[in-house]
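1. okay, here's the prediction I keep looking at, along with the sequence it came from:
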Amino acid sequence: MRKVVAYELLSLDGVAETPDRFFTSWDETMDANLAAVIGAQDAVILGRRSYDEWADFWPGSDVEPFATFINGVVKYVATSTPLTRHWNNSVVVDGDLIDFVRALRDQPGRDIGIHASISVTQALLAAGVVDELRLVIAPALAGNRRRLFDGVPPVNLESIGSETSPSGYLLVDYRVIR
């Protein structure tokens with residue numbers, strides 16, 4: 001069975017919305033971590049808001065290693081309306097998101113990533129279909145914005161790795177205990 005891995009950028013107080021406001025630097029340790037995460041993935045699930053924002057940015061980006069990955073990987077988009085922006089390898093999730101992800105997990109392949117999509121991560125965590133959380137936590141308090149774990153029921157986690165980058169960011173990996 002494939003793993004569903006949520007990779008999220010957070011502030012120390014758990015904010016996931018607009019991480020560019022509190023991620024002020026990026027270093028080689030963070031690059032290596034991201035490369036390892038995406039190197040294990042062959043599919044990504046995005047929410048509609050993330051899709052629309054990213055479809056405008058990533059096709060013309062040279063920010064590596066993520067640009068090559070996200071432009072080439074199959075992107076499943078959780079939305080109830082047709083996509084208005086074209087982006088290679090993008091597919092609208094047909095039907096219920098939770099059922100879709102459960103079926104996708106049972107197909108052959110590598111890890112399935114969730115990137116940036118707060119509501120998708122929350123829904124899949126609440127439904128018990130996320131297997132791992134890969135978090136990069138900025139040394140900053142972001143204040144009153146959307147937090148990744150707001151509204152998520154209790155979930156037990158097991159630490160499977162942690163590291164501090166030279167810039168002071170925490171890279172923490174957790175396995176969801178079922």
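-> Arrived safely, thanks for sending. Numbers count the residues shown, from 1 in each chain.
2. which residue, other than its chain neighbours, is closest to residue 85?
-> Spatial nearest neighbour of residue 85, chain neighbours left out: residue 55 (4.1 Å); criterion: CB to CB, 6 or more residues apart in numbering. (Each C-beta comes from the backbone N, C-alpha and C, glycine too.)
3. against which helices or strands is the longest helix seen in the chain packed?
-> Ranked by number of residues, the top helix in the chain under DSSP state H is helix 28-39. The contact analysis (3 or more CB pairs under 8 Å, 6 or more residues apart in numbering; DSSP states H and E) places helix 28-39 against strand 4-11, helix 66-72, strand 132-138, strand 170-176.
4. repeat that for 6 Å
-> Packing partners of helix 28-39 (3 or more CB pairs under 6 Å, 6 or more residues apart in numbering; DSSP states H and E): none among the helices and strands.
5. these two touch, right, the residue nearest to residue 85 and residue 88?
-> No: at 9.8 Å, residue 55 does not count as touching residue 88 under the criterion of CB atoms under 6 Å.
6. which element is residue 163 on?
-> strand 157-164 (DSSP states H and E).
7. next one: the longest helix of the chain to chain centre, how far?
-> In terms of CA atoms, centre = their mean, to the nearest Å, the centre of helix 28-39 is found 13 Å from the chain centre.
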